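> sequence and predicted structure are below.
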Amino acid sequence: MADPKEYTLFSGGANGAEAFFGEMAEQYGLNEVNFTFDGHSPARTRGLRPLTPEELARKDVSLHYVSNLLHRKFTNAKLMRSVLQTIMYQVDSSHEVFVVGTLREDGTIKGGTGWGAEFAKICNKPLYAFGQVRDGWFSWNHDKGEWDECAEPVIGHRHFCGTGTRFLEENGRKAIEDLFKRTFG
């Protein structure tokens with residue numbers, strides 16, 4: 001089994017999947033970094049890493065680009081922009097990304113969570129998604145550009161990102177719980 005003290009979860013600490021990833025990290029003794037910014041109120045307070053306005057600006061991304069990539073409209077609201085910027089820090093800091101949410105037919109993941117998955121694809125990082133509606137794990141096949149059903153993954157890199165929907169269902173909670181149990185026993 002992996003030594004949990006050598007692992008760090010990078011997340012945003014938001015309600016739902018991110019908060020539950022953090023709870024599991026704390027339960028198993030992993031390090032935890034939750035990126036936040038002024039005016040944001042994350043559910044998790046352990047491992048908070050506030051980003052300065054200058055740091056956020058370094059991850060500025062066109063909301064038009066993100067909207068087109070995810071086939072939905074994102075407003076130019078300061079809060080939404082800052083959330084997307086913190087997601088980029090989560091993914092950049094990790095070597096592997098785990099997402100819990102709703103996989104859409106177009107290959108994206110529903111909501112702001114989808115940006116984390118898309119950014120992981122752009123960065124060519126190992127990417128796993130638990131689809132709550134489909135009730136199973138999928139891995140992103142970078143060569144084919146599509147999701148493949150996969151066996152239940154384990155956390156294989158010491159620096160990993162755990163993100164996902166605010167609307168965590170019971171099967172999503174169990175998927176996260178089992179991911180930690182498989183990896184850290």
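Great, that's in hand. Numbers count the residues shown, from 1 in each chain.

> so what's the closest residue to Val61 other than its chain neighbours up against?
The shortest distance from Val61 to any non-neighbouring residue, by Cβ to Cβ, 6 or more residues apart in numbering, is to Leu84 (6.0 Å). (Each C-beta comes from the backbone N, C-alpha and C, glycine too.) Neighbour list for Leu84: Lys59, Val61, Leu63, Val66, Phe74, Gly112, Trp115 [criterion: Cβ atoms under 8 Å, 6 or more residues apart in numbering].

> check contacts around the first one.
The reference is to Lys59. Applying Cβ under 8 Å, 6+ apart, we find Lys59 in contact with Leu84, Gln85, Thr86, Met88, Tyr89, Asp92.

> phi first, then psi, for the third one.
In terms of degrees, to the nearest 10, the main-chain angles of Thr86 are phi -70, psi -30.

> and it, how far from Val33?
Distance, Thr86 to Val33, by Cβ to Cβ, to the nearest Å: 11 Å.

> more neighbours, these two?
Thr86 (27 against 22; other Cβ atoms under 10 Å).

> what pLDDT is listed against that one?
With respect to pLDDT, Thr86 has a value of 95.

> I'm done for today, thanks for sticking with me.
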